[in-house]
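In: 3D model of this:
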Amino acid sequence: MIAALICGRADGPRFPGRNTFPLFGRPLMVYATLAALHAEEVDHVFLTSDDEGMKTIARHHGVETIDRPPALSGDQVPLEDVVQHGYAEICKRLKHEPEALVVLLANAPTVASGQIDHGVRILRADNNLDAVISASSHDEFHPSYALRVAQGDRLVPYADGVSPDRSTTVYFPDALLWVLRPSVCTSLTSSDQRDGWIVDVRSGNVAALVHEGYGDVDYSWQVPLVEEWLRRRGFDESSTPYDRISSKTGDVGVPRRSDAHTRARRVLITTVPFGLQPRPLERLQTEGIEYVINPIGRRLKEDELAQLIRDFDVVIAGTEPITARVMDAASRLRLISRVGIGLDSVDLPAARARGIQVSYTPEAPSPAVAELTIGLMLALLRDIPATDRVMRQGVWRRSRGRRLSAMTVGVVGVGRIGKRVIRHLVGGFHGVRILANDLQPDYGFGVRYSVDWLEKEAIYEAADIVTLHLPLTPQTRTLIAARELALMKPTTLVVNTSRGNMIDEAALAAALRGGRLGGAAIDVFEREPYSGELATLERCILTCHMGSMSEDCRARMELEATEEAIRFLKGEPLQHAVPESEYVSV
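Out: So this is what the prediction gives:
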């Protein structure tokens, strides 16, 4: 019988939250988890971690979790101590020693189930082996090239005259995979002298399992490299190579708790990412509120949310669909605390009919969205993205652009964000002319900023740039389609940082392709993640719904939504309840 132990912690100085950071929409730790669960030679899978978010993700996949004592918590604890503690706990639960222990790191996503099986079989085939460890070759970093500074500040070979054969391939332990005999697990001690990571190849019989490619992820800049590595091996945003293999654990969700636990105050955090700053989770912990973080690590689908939301009092929500069907699956749900301002993903009438209150964070994202809007305008006017692309191809081509100060900008929707955009334009770009449209024009604001209020059609005809800042309602859905695009000048630029579905994407692509529009910058889409024709068009800048994703604004959104949840659970009035006008406009 073989047991696997996944070791991880979410926080560290190099890359905070790395093990729950999404790769292809899945938390980083899921890749090691899937490999262990689908290895034919592995019978039991455990996670050892000092992070509650990681434990929730593990339980979602049917993995048993091991709690660490305070002495083994934090990012300075030696891995040997963590493994020894985990092994002892596994023996208690299994009531006997396993034949071998497979050790994986949660931040090592490139181990496959086949590699685990191969390592176990190597160990089984040779009773003299103490362990099998993965190693990677790095010929370009051969130790014979190493230098040190000697007396008189002279550089000399580090090996002190020893000249290894440089044709010999050099291997390094890569912190990906260990297969250990019980005798190794019970004799582990922390030591700076270990040259094989956990096992000592000088004193034990250790076989190599050669791994080609990337190892663990310690820095955020490694993420694109590892995603490309995974993509070449069959992983993408919607599927994995394991999807064709029956899981040992079956379809599982967040496990139900006993009645004693379900009476606790419970919060489900569905928005991703969450926890850019520790304050929101610290506030929940201080108040003694139990919380569960989205274990899938991406925007949840309706079926997934309906499965997860059972037995929660509050959901701190992102843009996932909170439909009547989802609410029917959540018999205890009494508050939806939305991280952000858009409410099109929440069925407000259904919430009201079920006595579920809804709050949001209308002010927090506004500064970041407004600044991104200005940035996209400048990028379009000066052709910045296209120039960057051709420069990387070795082409020196200077584009002749236009100045924002010379433009007529049409702002459709003059609420919190629309007003900020206008303030930026008037205050920073002398000479810009502002045309605006809103269902309830603020004429006093218009006088202060020299705004001309016009009907939307007149704006489309006259503006050099059209930017949208509206909520998605039945009235604003497909606000700009082929008819509206035909009213615009061939040089007009369109910017949408508001909501997808406001622009007919097919009509926009046709106008750009046919040269009937000067360009577009789109941050929001009908279906996200986006993959469509707009991505193939040169004069279209695409960003991934990142309008609110500045560090300060995102942190404020998360904290405000969390504080609202705490107020509700303490029986205090909400400060940011969704106003009646939002219900009426649905």
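In: quick one: the spatially most distant residue from the centre of the chain and R325, what's the gap?
Out: Distance from the C-alpha centroid of the chain peaks at G152, with 51.0 Å (C-alpha atoms, centre = their mean). Using C-beta to C-beta, to the nearest Å, G152 is found at 77 Å from R325. Yep, even glycine has a C-beta here, placed from its N, CA and C like the rest.
In: same deal with S49?
Out: Relative to R325, and taking C-beta to C-beta, S49 is found at 33 Å.
In: what residue is smack in the middle of this protein?
Out: So for the chain, C-alpha atoms, centre = their mean, it's P22, sitting 3.9 Å from the centre.
In: and that one, how far from M549?
Out: Shown here: P22 relative to M549, a distance of 13 Å by C-beta to C-beta.
In: again with S137
Out: For S137, the distance to M549 equals 39 Å [C-beta to C-beta].
In: who has more neighbours, those two?
Out: Each of S137 and M549 has its neighbours counted (other C-beta atoms under 10 Å); M549 has more, 18 against 14.
In: quick check, the more buried one in contact with A368.
Out: Yes. The pair M549 and A368 passes the contact test of C-beta atoms under 8 Å, sitting 6.8 Å apart.
In: can you give me the pLDDT of F445?
Out: The model reports F445 with a pLDDT of 97.
In: where's S366 relative to S581, distance?
Out: For S366, the distance to S581 under the criterion C-beta to C-beta works out to 18 Å.
In: neighbour count for these two, which is higher?
Out: Ranked by neighbour count (other C-beta under 10 Å), S366 and S581 place S366 first, with 22 against 9.
In: now that one: closest residue in space, sequence neighbours ignored.
Out: Here the nearest residue to S366 in space, its sequence neighbours aside, is R416; by C-beta to C-beta, 6 or more residues apart in numbering that works out to 4.5 Å.
In: longest helix in this protein, please.
Out: Among the segments of the chain that qualify as a helix by DSSP state H, the longest is helix 551-569.
In: report the mean per-residue pLDDT for that one.
Out: When pLDDT is averaged over helix 551-569, the result is 94.
In: same question, stretch 53-61
Out: Mean per-residue pLDDT for stretch 53-61: 88.
In: any low-confidence regions in the stretch 151-300 of the chain?
Out: 159-168, 189-197, 212-215, 244-264, 276 (pLDDT under 70).
In: could I get the full set of helices for it?
Out: Taking DSSP state H, counting those that start in this stretch as the criterion, the stretch 151-300 of the chain carries its helices at 182-186, 223-231, 259-262, 279-286.
In: quick one, which of those is packed in tightest?
Out: Sort the helices of the stretch 151-300 of the chain by mean neighbour count, taking mean count of other C-beta atoms under 10 Å, and helix 182-186 sits at the top with a mean of 18.
In: and the residue farthest from the centre of the chain, what does it touch?
Out: By C-beta atoms under 8 Å, 6 or more residues apart in numbering, G152 lies in contact with nothing.
In: and if you look at the one 5 residues further on?
Out: For P157, the contacting residues are 144, 146-148, 163, taking C-beta under 8 Å, 6+ apart as the criterion.
In: list just the nearest of these to S73.
Out: Proximity of the contacts of P157 to S73 (C-beta to C-beta) peaks at A146, which lies at 35.8 Å.
In: skipping its backbone neighbours, what lies nearest the closest one in space?
Out: By the measure of C-beta to C-beta, 6+ apart, the closest residue to A146 outside its immediate chain neighbours is Y158, 3.8 Å from it.
In: okay, now that neighbour: neighbour count?
Out: Applying other C-beta under 10 Å, we find 14 residues neighbouring Y158.
In: just use 43 as the starting number from now, easier for me
Out: Okay, residue one is now 43; in that scheme the one you just asked about reads as Y200.
In: wait, it touches V191, no?
Out: No. In this structure Y200 lies outside contact range of V191 using C-beta under 8 Å: 9.9 Å.
In: list the buried residues for the lengthiest strand in the chain?
Out: Ranked by residue count under DSSP state E, the longest strand found in the chain is strand 213-222. Counting neighbours by 16 or more other C-beta atoms under 10 Å, one finds that the buried residues in strand 213-222 are 213, 215-222.
In: which elements pack onto it?
Out: strand 142-147, helix 155-167, strand 173-179, strand 248-252 (3 or more C-beta pairs under 8 Å, 6 or more residues apart in numbering; DSSP states H and E).
In: pick the most deeply packed of those.
Out: Relative to the other members of the helices and strands packed on strand 213-222, strand 142-147 carries the highest mean neighbour count by mean count of other C-beta under 10 Å, namely a mean of 26.
In: what are the contacting residues of that one?
Out: Among residues not part of strand 142-147, those counted as contacts by C-beta under 8 Å, 6+ apart are 44-50, 74, 77-78, 81, 84, 125, 129, 132, 153, 158, 161-162, 165-166, 217-224, 227, 240, 258.
In: recalculate using a threshold of 7 Å.
Out: Contacts to strand 142-147, defined as C-beta atoms under 7 Å, 6 or more residues apart in numbering, come from residues 44-50, 74, 78, 84, 125, 129, 153, 158, 162, 165, 217, 219-223, 227, 240, 258.
In: nothing else from me, thank you.
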